[in-house]
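1. here you go, sequence then predicted model.
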Amino acid sequence: QEQLVESGGGLVQPGGSLRLSCLVSGFTLDTYAIGWFRQAPGKEREGVSCINYTGVTTDAASVKGRFTISRDNSKKTVFLQMNSLKPDDTGVYYCAAAPGWCSTSEAGFGSWGQGTQVTVSS
């Protein structure tokens, strides 16, 4: 059974940093792409960053230069380092798995975590 568990969320002031973790089990991480998504209150879920099985990454324009996605296959964990956080970054952050490559659609991600709350506020 594929499982993904997010951690590392919390309350942070604008300009601060957080590092989210996505621990996976039930499948071999090194053959999967992992994406991070977020959903702000009253808004649709959106893609944030993705890392494919070869380590190539893609980022949404809104987070480029501030967020960094990385993976440690030996620890079965994907990280999202978030710097220079803004109030607009507030939301529930989810990680999800897709075979091999980052899918351009959420439908391509078959397994999802339960999410972790990130709140950026002074």
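-> Right, received. Where do you want to start?
2. what about the helices in the chain?
-> Read by DSSP state H, the chain holds no helices at all.
3. pull the contacting residues for the residue nearest the centre of it.
-> Closest to where the C-alpha atoms of the chain average out (Cα atoms, centre = their mean) is W36, at 2.4 Å. The contact partners of W36, by Cβ atoms under 8 Å, 6 or more residues apart in numbering, come to 20, 22, 47-50, 69, 78, 80, 93-95. For glycine as for every other residue, the C-beta is placed from the backbone atoms N, C-alpha and C.
4. ok, now which ones touch A40?
-> Counting by Cβ under 8 Å, 6+ apart, A40 has contacts 88, 90-91.
5. about what we covered before: quick one: which of the contacts of W36 is most hemmed in?
-> C95 (31 neighbours; other Cβ atoms under 10 Å).
6. quick check: beta-bridge partners of the closest residue to that one other than its chain neighbours?
-> Among residues not flanking C95 along the chain, C22 sits closest, at 3.5 Å (Cβ to Cβ, 6 or more residues apart in numbering). C22 forms beta bridges with E6, V78, as assigned by DSSP bridges.
7. nice, that's everything, thank you.
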